[in-house]
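Quick check, what structure comes out for this input:
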Amino acid sequence: MKIRSTLFLNGQSSTLNLFSTLQETQDHLLLKLAAFIFFSDLLPTVETGAAHPALSGQDFWPDLMTVDLTGQVGLWMECGKTTLHKLEKVSKRFRQARLIVLTAEPHQAKQQAEEVEREELKGIQVWSFAYGEFARWKSLAKERNDIIGEANETSMNLVLNDQTYMTELERIL
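Down below sits the predicted model:
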């Protein structure tokens, strides 16, 4: 499964090609596409792994990340429900980074937030699409996408494949 997108966001052009690994679903790839759009001004990286200098020697990798001018992780983003073990390790190893979990539905975000609070993990934010918004996003996004518009960390106002799409994320934690 793959999603190829040509983007013109906030006055900047880019392309994004997402290819699924064995465990990645279409929903997961679509969350990654959305995360990339929300944080496009920060020039995020979606193809991360052990080869990335900021992740050298790590056993976990984000779905999306940014690095600061010193090459350190500035934003670590997880798309979909994430294990507490991973969140705990990442929050301790990358204390300076913003750690955000983005979910498709508010009930998923609320469950994740409750788990994070129960385990007393610090510095983790949990955000979600509003009810029904991810389903609408999913219905508009295709294998090939032309995306034009404006976005910031919590909202997007786009033309996605000739259809208007506007949404605002909800911060649960």
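
what ranges do the strands span in the chain?
2-9, 12-19, 64-67, 73-79, 98-103, 124-128, 144-151, 155-160, 163-168, 170-171 (DSSP state E).

so can I have a markdown table of those strands showing mean pLDDT?
Shown next, in a markdown table, are the strands of the chain (pLDDT from 0 to 100):
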| stretch | mean pLDDT |
| --- | --- |
| strand 2-9 | 97 |
| strand 12-19 | 96 |
| strand 64-67 | 96 |
| strand 73-79 | 97 |
| strand 98-103 | 98 |
| strand 124-128 | 98 |
| strand 144-151 | 98 |
| strand 155-160 | 98 |
| strand 163-168 | 98 |
| strand 170-171 | 96 |
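
wait, which of the ones you listed is closest to Pro53?
The closest of the strands of the chain to Pro53 is strand 64-67. By C-beta to C-beta, the value is 8.3 Å. Every residue, glycine included, has its C-beta placed from N, CA and C.

Need the residues that contact that closest one.
The contact list for strand 64-67, computed with C-beta atoms under 8 Å, 6 or more residues apart in numbering, reads 32, 35-36, 39, 42-46, 48, 52, 54, 73-77, 79, 97.

Format the strands of the chain as CSV; extra columns: mean neighbour count and distance to Ala113.
CSV is the format used below for these (neighbours: other C-beta atoms under 10 Å; distance: least, C-beta to C-beta, whole Å):
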stretch, mean neighbour count, distance to Ala113
strand 2-9, 16, 28
strand 12-19, 12, 26
strand 64-67, 22, 20
strand 73-79, 23, 13
strand 98-103, 24, 9
strand 124-128, 23, 4
strand 144-151, 16, 23
strand 155-160, 17, 20
strand 163-168, 14, 18
strand 170-171, 15, 10
